[in-house]
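1. below: sequence and its predicted model.
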Amino acid sequence: IRDTLQRQRPIRIQLLYGNRTPEDVIFGAELEKLASSRSSFTFSLVLSEPPDGYEGLKGFLDSTLIARLVGDVKGKTFYVCGPRVMYDFCEAALKELNVPQRKIRHELYGPAEDVGKEPGWPEGLSGDMVFEVEVAGKRMILAKAGEPLLNALERSGLAVTALCRSGECSACRIRLLEGKVFVPSQAAVRESDREAGYIHGCVSYPIDNLKIRI
Ligand code: FES
């Protein structure tokens, strides 16, 4: 938020900030200060366990409260961050308000710790299995099944842009020309990328020899 405001990008940010108690609020003073000095930023603190006499917003970030604070959701993008249980809750609320999935973005937690334990991982395939990856127009590299393809590319000195490392931002997209990769089911890869034959190196694990274009 600070960075976006400093760059004076032409967007409006509204922060709905859910906490249990006032003691749980982090960056509260800075957020108040930003909200009072920038017209493009507003800040609503919501407490689920407010102290006696608290006069601010109370409750949870459910669809009723979100609708009250945000108004018409049309054209707005929602960035949800916090504990997973909270964004499951907020995502359900946003769906009740008919916010399209493509307008809901998540805080991200990086690659799976052990992809071999993910549902759908090929039975009997060891994460240590090594596959050949032909990078079209460049060279052949080796990549382990249990590691995101992006890591193998970076280790080989092949530059691929990467930001979120969780399949969300599309920065690391790669054209898969041949072979198969495993993508954990919770990876938030854009449908349009899937349809266009792109994989995201940060959440794609080689389960076959591959040919790709970066
Ligand atoms: S770095 Fe964002 S999708 Fe891979």
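-> Perfect, I can see it now.
2. who in the chain is up against the ligand?
-> 162-165, 167-172, 200, 202 (Cβ under 6 Å from any ligand atom). Every residue, glycine included, has its C-beta placed from N, CA and C.
3. pLDDT check: weakest of those?
-> Scanning these for pLDDT, the low point is Glu168. It has 78.
4. confirm that it sits in a strand.
-> No. Under DSSP: H, G, I helix; E, B strand; the rest coil, Glu168 sits outside any strand and is assigned coil.
5. neighbours around it, how many?
-> 19 (other Cβ atoms under 10 Å).
6. state the phi and psi torsions of Ile13.
-> With angles defined as degrees, to the nearest 10, Ile13 sits at phi -120, psi 130.
7. could you check the pLDDT of it?
-> 95.
8. need the contact list for it.
-> 1, 4-5, 40-42 (Cβ atoms under 8 Å, 6 or more residues apart in numbering).
9. from those residues, which is closest to the ligand?
-> Closest approach to the ligand among the contacts of Ile13 (Cβ to the nearest ligand atom): Thr4, at 18.2 Å.
10. send the alpha carbons of the lowest-mean-pLDDT helix or strand in the chain over as PDB?
-> Least confident helix or strand of the chain, by mean pLDDT, DSSP states H and E, is helix 191-195 with a mean of 82. Extracted in PDB, the C-alpha atoms of helix 191-195 (Å, rounded to 0.1, in the frame of the first residue of the first chain):
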ATOM      1  CA  GLU A 191      -7.700 -20.200 -16.900                       C
ATOM      2  CA  SER A 192      -6.700 -18.100 -19.900                       C
ATOM      3  CA  ASP A 193      -3.100 -19.200 -19.400                       C
ATOM      4  CA  ARG A 194      -4.000 -22.800 -19.200                       C
ATOM      5  CA  GLU A 195      -6.100 -22.500 -22.300                       C
END
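11. contacts for it, please.
-> Applying Cβ under 8 Å, 6+ apart, the set of residues contacting helix 191-195 from outside is 170, 173, 199-200.
12. right, and Gly197 touches Leu176 too?
-> Yes. Here Gly197 reaches Leu176: they are 6.3 Å apart, a contact under Cβ atoms under 8 Å.
13. these two: which has the busier surroundings?
-> Leu176 (18 against 11).
14. wait, that one touches Gly201, no?
-> No. Under the criterion of Cβ under 8 Å, Leu176 makes no contact with Gly201, lying 9.9 Å away.
15. related to what we said a few turns ago, among the contacts of Ile13, which two are most distant?
-> Thr4 and Thr42 (13.5 Å; Cβ to Cβ).
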